[in-house]
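Participant: quick one: sequence and predicted model below, then my questions.
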Amino acid sequence: MGKPEETDPLIPHPNPVSKPPNGTEWPTPGVPSPPTDGQALLTSILTKTAQNIIDVSAADSVVMEQHEIMDKARQYSTKLAMLSTSLPQKKALTLPSLTSQPHQVLASDLVPYSDVQQVSKIAAYAYSAISQIKVDAKEELVVQFAIP
């Protein structure tokens with residue numbers, strides 16, 4: 001067996017000469033036929049799909065040697081390490097903490113509904129007041145200074 005490639009499947013297909021689930025024949029690549037454009041597109045989609053499907057029901061029947069499993073694990077660990085060093089490291093964003101005792105805040109009594117209504121009313125008045133602010137330009141804000 002040759003050196004495994006990146007595109008090799010993790011689990012080899014248990015029965016490479018199998019029929020598709022609906023009982024029809026798989027399209028044979030390389031065999032010329034006079035299909036229409038739609039038929040050719042459908043055939044290429046079916047071929048690509050058949051190549052990319054991992055049949056998990058057949059995973060139990062695939063027996064990999066312990067050394068093959070360890071080789072695959074080592075391969076993927078190496079690739080992951082290479083990729084993780086090339087990616088920029090991002091610091092995890094944390095939510096701002098408003099208190100050091102969140103359990104006490106959550107266990108405290110609820111805010112009365114009348115207080116919530118009052119805050120909502122005040123916020124609506126503030127929004128209305130801010131939206132009514134108009135600026136009348138009476139003179140230029142930027143003035144040219146003469147440099148002596």
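Facilitator: Here it is on my side, so go on.

Participant: make it CA atoms for all contacts and neighbour counts henceforth
Facilitator: Noted.

Participant: could you show me where the helices are in the chain, in order?
Facilitator: Taking DSSP state H as the test, the helices found in the chain are 37-52, 66-86, 102-107, 113-131.

Participant: buried ones in the first one, by neighbour count?
Facilitator: Of the residues in helix 37-52, those buried under the neighbour-count criterion (16 or more other CA atoms under 10 Å) are T43.

Participant: so how far is that helix off the chain centroid?
Facilitator: 26 Å (CA atoms, centre = their mean, to the nearest Å).

Participant: in the protein, where is pLDDT below threshold?
Facilitator: 1-4, 6-7, 9-35, 55-62, 92, 95, 148 (pLDDT under 70).

Participant: for I147, find the nearest of the helices of the chain.
Facilitator: Proximity to I147 (CA to CA) singles out helix 113-131 among these, at 39.3 Å.

Participant: contacting residues for K134?
Facilitator: Under the criterion of CA atoms under 8 Å, 6 or more residues apart in numbering, K134 has no contact partners.

Participant: give the burial count for M82, as a bare number.
Facilitator: Using other CA atoms under 10 Å, M82 has 11 other residues around it.

Participant: wait, R74
Facilitator: With other CA under 10 Å as criterion, R74 counts 12.

Participant: next: K72.
Facilitator: Neighbours of K72 using other CA under 10 Å come to 14.

Participant: one more: L87?
Facilitator: The number of residues near L87, taken as other CA under 10 Å, comes to 8.

Participant: look up how far K79 lies from it.
Facilitator: 12 Å (CA to CA, to the nearest Å).
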